[in-house]
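just the structure for this:
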Amino acid sequence: MDPYDQFFYESIPFPETHPRHLASLGRLFGLETADPERCRLLELGCASGGDLIASAWFSPDSELLGIDLSHGQIARGRELIRRLDLKNIELRQGDILDLDQRLGRFDYIVAHGVYSWVPAPVREHILVLSRQLL
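This is a model prediction of the structure:
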């Protein structure tokens, strides 16, 4: 068993990462922002999707994608998504270093918590992905 799958990270909503909050911040800094009710959002290091699931519930016209290294976390999140019958969210298991432009373009990218504890090559790739996919 992968050590990352032995201990589950608590996956809860963070108001600071909701598209409405991100759009507000962008506008305060003079950026044109996508409609937070109809956006594409990518979360890197989503755990079981607790943050994304809340956004998916309250923004049914948005498209949300979460990626996490943990098979167990992703399985747990997928089960909750199935029980809630959410159609606008997908969770995928994967390594951030394997991600590229094939994911498509996003209006918002969140890497809450993950950036501070991954090795330098992963942090660098998160910045590359942000530049390529936003």
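
C-alpha only now, for contacts and for neighbours.
Noted.

measure residue 12 to residue 35 for me?
Going from residue 12 to residue 35 by Cα to Cα, to the nearest Å gives 23 Å.

actually, residue 115.
For residue 115 relative to residue 35 (Cα to Cα), the value is 26 Å.

go on, residue 11?
For residue 11, the distance to residue 35 - Cα to Cα - is 25 Å.

out of those two, which sits in the more crowded spot?
Higher neighbour count among residue 11 and residue 35: residue 11, with 16 against 13, using other Cα atoms under 10 Å.

which residue packs closest to that one, ignoring adjacent ones?
residue 50 (4.6 Å; Cα to Cα, 6 or more residues apart in numbering).

hang on, that neighbour packs against residue 13?
Yes - because the distance of 5.5 Å satisfies Cα atoms under 8 Å, residue 50 is recorded as touching residue 13.

so those two - more neighbours on which side?
Ranked by neighbour count (other Cα under 10 Å), residue 50 and residue 13 place residue 50 first, with 19 against 15.

what about this protein, any weak spots by pLDDT?
1-9 (pLDDT under 70).

what about the strands in it?
Taking DSSP state E, the strands of the chain run over residues 40-44, 63-68, 89-93, 108-110.

nearest to residue 57, out of those?
strand 89-93 (9.2 Å; Cα to Cα).

contacts for the closest one, please.
Identification of contacts with strand 89-93 by Cα atoms under 8 Å, 6 or more residues apart in numbering yields 49, 52-53, 56, 63-71, 74, 77-78, 81.

that one - which strands sit beside it in the sheet, and in what orientation?
According to DSSP bridges, strand 89-93 forms sheet pairs with strand 63-68 (parallel).

now the angle from the partner strand to strand 40-44?
Here strand 63-68 runs at an angle of 10 degrees relative to strand 40-44 (axes from the mean of the first three to the mean of the last three Cα atoms, to 10 degrees).

find the centremost residue of the chain, please.
residue 43 (1.2 Å; Cα atoms, centre = their mean).

any idea how far residue 69 is from that one?
12 Å.

how about residue 62?
Applying Cα to Cα to residue 62 and residue 69 gives a distance of 24 Å.

do residue 44 as well
9 Å.

ok, residue 104 next?
Residue 104 is 19 Å from residue 69, by Cα to Cα.
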